[in-house]
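In: Got a sequence here, can you build the structure:
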Amino acid sequence: MAKNPHILIVDDEPSIRLTLETGLSLKGFRTTTASNGREAVSLIEKEKFDLVICDVVMQDGDGLWLVGKVREFDADLPIILMTAQGTVERAFDSFEIGASDFIAKPFEIGALAASVTRLLDARGQAKGISAADDQLPDEFSRSGMVGRSNAIVVVYKLVAFAARTGATVLITGESGTGKELVAHAIHDLSSRAGKGFVSVNCSGLTDTLLEAELFGYEKGAFTGANSTRAGLFEKANGGTIFLDELASTSPSFQASLLRVLQSGEIRRVGSTETRHVDVRVLGSSNEDLQALVKEGRFRADLYYRLSVLTIKLPPLRERIGDVPLLARHFLRKIIGPGPLPHLTREVSDVLNSYEFPGNVRELENALARAVALSTGNVITLECLPSAIVEAGQTGDAAATGSDPLRDIAIDRPTMEELERRYLSLTLAETGGNRRRTAEKLQLDRRTVQRLIARYKLSAAADDDDENAEAAGSH
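Out: I've put the predicted structure just below:
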């Protein structure tokens with residue numbers, strides 16, 4: 001593991017090279033500079049680098065070209081692209097060819113150094129610097145987005161850049177990855193945040209109902225239209241509209257939506273009058289729209305209108321290390337204020353090894369079920385869905401080392417809280433039997449009963465308690 005990671009800086013502006021070289025050197029990194037892509041390739045052929053920082057646009061070469069060349073030498077070498085405001089769209093494209101991260105100019109050296117540290121730490125080359133120390137920006141915490149893995153940090157960056165533009169955005173990813181959450185974050189970080197955000201699930205609605213819902217309708221336009229009604233595009237005027245499950249829409253509706261995107265005008269069902277609307281459109285699909293275009297199931301012109309910027313959400317199985325953070329987040333959301341439930345070792349191992357085909361949504365639902373079925377503030381295997389337990393137990397659970405999932409409830413607890421948790425765990429192990437709990441804890445039974453009452457824990461009646469009650473009734 002490198003003690004002084006070697007970083008290659010590529011930029012055609014001498015002042016930028018000097019700034020980066022000085023700032024990163026002061027933070028303990030070893031640096032080499034190049035003024036263009038060809039010079040950088042020559043250096044990479046001769047020396048070993050731990051990370052590359054490169055400008056997207058240079059007078060004597062293209063940063064995207066350099067990314068491709070670097071990937072020929074090392075498929076895993078971290079690459080950070082620096083982008084100006086006018087090259088946001090190109091920054092999105094950079095991830096398709098292998099860039100690891102990007103940062104906007106002008107930038108703060110501290111922010112860049114944090115990105116460098118995170119990427120090196122993920123590769124196991126920055127000893128003593130932990131990616132866990134890289135705090136999630138407040139704006140993303142407020143939006144409900146949770147995670148610190150490289151895959152989700154890239155999404156944070158894309159969301160932040162998308163929020164600065166007025167372009168349409170296509171959000172893709174498997175079901176349950178959080179596409180609507182990302183759409184909310186883009187809206188909340190944009191200049192439209194003070195206006196409305198409207199979400200529409202396009203699946204399961206006929207063309208007439210979907211158009212009536214989005215564009216509105218005039219009285220008598222169809223059976224049941226007893227009055228004139230404004231559509232969601234009008235209600236979202238000045239704000240953002242999120243169209244979910246676009247792959248399920250028909251060619252007829254796709255043509256109507258394309259007209260709105262091209263003209264910025266809508267026409268209520270049953271009306272000949274057009275109305276101008278100022279609405280930013282965000283779309284999503286859990287299917288590959290580009291593949292559907294090739295199959296003739298989705299309009300190519302609409303696809304290109306929607307995908308000016310594209311954000312692809314990673315499945316949970318690719319967000320290594322995020323499950324503990326998400327588990328804590330969902331448990332806090334479910335429980336509210338107060339101590340979090342304790343996860344047994346077996347539960348922790350299963351959640352760590354399970355691949356979650358339903359992604360983040362499946363994890364949240366599993367934890368909600370587990371909390372509902374748990375006793376004594378302890379979540380055991382019996383509380384999880386059987387499908388997760390069976391699949392997780394056949395997976396590769398973490399064999400050694402500390403387990404962050406098992407410790408998610410530990411947050412500098414008081415001695416009283418530790419006592420309560422230990423008692424809860426012991427009660428769970430004895431099935432709530434107070435006599436056996438007292439024996440395990442080597443305490444007097446009356447002391448255990450008093451503690452159970454103090455902490456408002458549940459316990460089953462012991463056999464001898466029942467016998468005593470029965471004897472007293474005769």
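
In: all helices of the stretch 301-450 of the chain, in order?
Out: 322-335, 345-353, 359-373, 386-394, 415-429, 434-441, 445-454 (DSSP state H, counting those that start in this stretch).

In: for the shortest one, which positions count as buried?
Out: Translated: helix 434-441. If you call a residue buried by 16 or more other CB atoms under 10 Å, then helix 434-441 has these buried ones: 434, 436-438, 441. Where you see a C-beta, it was placed from the backbone N, CA and C, and this is true even at glycine.

In: would you list every one of the strands in the stretch 101-250 of the chain?
Out: In the stretch 101-250 of the chain, the segments counted as strands under DSSP state E, counting those that start in this stretch are 101-104, 169-172, 197-201, 216-217, 229-230, 240-244.

In: What is the nearest of the buried residues of helix 434-441 to Val116?
Out: Set against Val116, the nearest of these by CB to CB is Leu441 (49.9 Å).

In: Next, format the strands of the stretch 101-250 of the chain as TSV and append mean pLDDT and distance to Gly270.
Out: Converted to TSV, the strands of the stretch 101-250 of the chain look like this (pLDDT from 0 to 100; distance: least, CB to CB, whole Å):
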stretch	mean pLDDT	distance to Gly270
strand 101-104	78	47
strand 169-172	95	31
strand 197-201	94	20
strand 216-217	91	6
strand 229-230	90	11
strand 240-244	96	21
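
In: deepest of these, which one?
Out: Highest mean neighbour count among those (mean count of other CB atoms under 10 Å): strand 169-172, with a mean of 25.

In: Quick one: residues contacting the residue nearest to Leu457 when sequence neighbours are not counted.
Out: Computed as CB to CB, 6 or more residues apart in numbering, the closest residue to Leu457 that is not its neighbour in sequence is Gly376, at 5.5 Å. Taking CB atoms under 8 Å, 6 or more residues apart in numbering, we find Gly376 in contact with 424-425, 427-428, 432, 457-458.

In: try it again with 10 Å
Out: 341-342, 420-421, 423-429, 432, 452, 455, 457-459 (CB atoms under 10 Å, 6 or more residues apart in numbering).

In: rewinding a little: looking at the strands of the stretch 101-250 of the chain, which is closest to Ile53?
Out: strand 101-104 (8.6 Å).

In: which helices and strands sit right next to that closest one?
Out: Counting contacts by 3 or more CB pairs under 10 Å, 6 or more residues apart in numbering; DSSP states H and E, strand 101-104 packs against strand 51-55, strand 79-83, helix 88-94, helix 109-122, helix 150-163.

In: Mind listing the strands that strand pairs with, and their directions?
Out: If you go by DSSP bridges, strand 101-104 pairs up with strand 79-83 (parallel).

In: pLDDT averaged over the partner strand, what's the number?
Out: Strand 79-83 carries an average pLDDT of 86.

In: Can you check what angle separates that strand from strand 51-55?
Out: Relative orientation of strand 79-83 versus strand 51-55 (axes from the mean of the first three to the mean of the last three CA atoms, to 10 degrees): 20 degrees.

In: Closest to Glu45 out of the buried residues of helix 434-441?
Out: Distance to Glu45, by CB to CB, is smallest for Leu441 among those, at 66.3 Å.

In: pretty sure that closest one is touching Ile452, no?
Out: No - using CB atoms under 10 Å, Leu441 is not in contact with Ile452, being 11.4 Å away.

In: For Tyr422, report the pLDDT, please.
Out: Tyr422 carries a pLDDT score of 73 in this model.

In: hang on, it packs against Leu441?
Out: Yes - with contact defined as CB under 10 Å, Tyr422 counts as touching Leu441 (7.9 Å).

In: Quick check: neighbours shared by those two?
Out: In contact with both Tyr422 and Leu441: Leu451, using CB under 10 Å, 6+ apart.

In: for the helices and strands packed on strand 101-104, which one sits closest to Ile7?
Out: Nearest of the helices and strands packed on strand 101-104 (CB to CB): strand 51-55, 5.0 Å.

In: Pull up the pairing partners for that closest one, direction included.
Out: Short version: by DSSP bridges, strand 51-55 pairs with strand 6-10 (parallel), strand 79-83 (parallel).

In: Let's test this: mean pLDDT of it, rounded?
Out: 92.

In: picking that back up, need the residues touching each of Leu441 and Ile452.
Out: Residues touching both Leu441 and Ile452 (CB under 10 Å, 6+ apart): 423, 427.

In: Show me the shaky parts of the stretch 51-200 of the chain.
Out: Low-confidence segments of the stretch 51-200 of the chain (pLDDT under 70): 60-61, 84-97, 124-143.

In: let's go with 80 and repeat that
Out: Scanning the stretch 51-200 of the chain for pLDDT under 80 picks out 59-62, 75, 83-98, 102-107, 121-144, 150, 157, 161.

In: about what we covered before: model confidence score at the residue nearest to Leu457, please.
Out: 79.

In: Need phi/psi at it.
Out: phi 70, psi 20 (degrees, to the nearest 10).

In: re earlier: so which of the helices and strands packed on strand 101-104 comes closest to Phe29?
Out: Closest approach to Phe29 among the helices and strands packed on strand 101-104 is made by helix 109-122 (6.9 Å; CB to CB).

In: still on that earlier bit, now the strands paired with strand 51-55 as a markdown table including distance to Leu292?
Out: Shown next, in a markdown table, are those (distance: least, CB to CB, whole Å):
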| stretch | distance to Leu292 |
| --- | --- |
| strand 6-10 | 38 |
| strand 79-83 | 30 |
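
In: With just CA atoms, put stretch 356-374 into PDB.
Out: Output of stretch 356-374 as PDB, limited to C-alpha atoms (Å, rounded to 0.1, in the frame of the first residue of the first chain):
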ATOM      1  CA  PHE A 356     -31.300  -7.700  -2.800                       C
ATOM      2  CA  PRO A 357     -32.900  -8.100  -6.300                       C
ATOM      3  CA  GLY A 358     -35.600  -5.600  -5.100                       C
ATOM      4  CA  ASN A 359     -32.800  -3.200  -4.200                       C
ATOM      5  CA  VAL A 360     -33.200  -0.400  -1.600                       C
ATOM      6  CA  ARG A 361     -37.000  -0.800  -1.500                       C
ATOM      7  CA  GLU A 362     -36.700  -4.500  -0.700                       C
ATOM      8  CA  LEU A 363     -34.300  -3.700   2.200                       C
ATOM      9  CA  GLU A 364     -36.700  -1.100   3.600                       C
ATOM     10  CA  ASN A 365     -39.600  -3.500   3.400                       C
ATOM     11  CA  ALA A 366     -37.600  -6.300   5.000                       C
ATOM     12  CA  LEU A 367     -36.600  -4.100   7.900                       C
ATOM     13  CA  ALA A 368     -40.200  -2.800   8.400                       C
ATOM     14  CA  ARG A 369     -41.400  -6.400   8.600                       C
ATOM     15  CA  ALA A 370     -38.600  -7.300  11.000                       C
ATOM     16  CA  VAL A 371     -39.400  -4.500  13.400                       C
ATOM     17  CA  ALA A 372     -43.000  -5.500  13.400                       C
ATOM     18  CA  LEU A 373     -42.200  -9.100  14.300                       C
ATOM     19  CA  SER A 374     -39.400  -8.400  16.700                       C
END
